[in-house]
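Undergrad: got a predicted model here, sequence first, then my questions.
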Amino acid sequence: MGKRPQDSGKGRKGPLNYNTNVYVFIEPFTRIIYCKGMKTSTRDYFLRSVGPDKSFKLKRDHDEYVMDAYSLEGLRCALGKVSDKVIVFHMRDRNDFAAWIGDVFGSDALRDALADVKLDRENLGMTRNALLKTLDLGINMLKE
């Protein structure tokens, strides 16, 4: 496989938390998409599906597999459906979702935006919504 495209991830105005407007991340995503000379193939690279060897394995714990996500959109869809235990498992020590996006897709800005979403065990619905909104924003900006 050739060299993967990189986005800058710079220009973020602050971490995402439950009191921060998700749209603070529009500026870096816009720069990623609208930078001079960016080719459609670069956007396609970020929105592609990966094979089973690079898919995100959603689990409730180390032994209980739930499903695979093969793309950013697949992860977004899965996060809307899985139980709270899956989200807690993947965010308890570090944000596995952010790490996967950075490692597999090379999107530093989206990785950093997701990494700023912190697990709130007392309000898992807010954690899930923050993950979904961040993924929605990143995916929609890449599609434009």
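TA: Arrived safely.
Undergrad: wait, isn't Ser49 in contact with Ser71?
TA: Yes: if you go by C-beta atoms under 8 Å, Ser49 and Ser71 touch, sitting 4.4 Å apart. (Glycine included, C-beta is placed from N, CA and C.)
Undergrad: between the two, which one's more packed in?
TA: More neighbours surround Ser71 than the other of Ser49 and Ser71, with 18 against 12 (other C-beta atoms under 10 Å).
Undergrad: do you know how far the more buried one is from Ala109?
TA: Separation of Ser71 from Ala109 (C-beta to C-beta, to the nearest Å) stands at 17 Å.
Undergrad: what about the strands in this protein?
TA: 56-59, 65-69 (DSSP state E).
Undergrad: between those, which one is nearest to Asp93?
TA: Of all the strands of the chain, it is strand 56-59 that lies closest to Asp93, at 13.4 Å by C-beta to C-beta.
Undergrad: tell me the strands beside the closest one, with direction?
TA: strand 65-69 (antiparallel) (DSSP bridges).
Undergrad: can you pull the buried residues of the longest helix belonging to the chain?
TA: Longest helix in the chain by number of residues (criterion: DSSP state H): helix 124-143. Applying a neighbour-count criterion of 16 or more other C-beta atoms under 10 Å, one finds 124, 127-135, 137-139, 141-142 buried in helix 124-143.
Undergrad: just how off-centre is that helix within its chain?
TA: For helix 124-143, the separation from the chain centroid amounts to 7 Å (computed by C-alpha atoms, centre = their mean, to the nearest Å).
Undergrad: also stretch 108-124?
TA: 9 Å.
Undergrad: and it, how far apart are its ends?
TA: Using C-alpha to C-alpha, to the nearest Å, the end-to-end distance of stretch 108-124 comes out at 25 Å.
Undergrad: for it, what is the average pLDDT?
TA: Averaged over stretch 108-124, pLDDT sits at 93.
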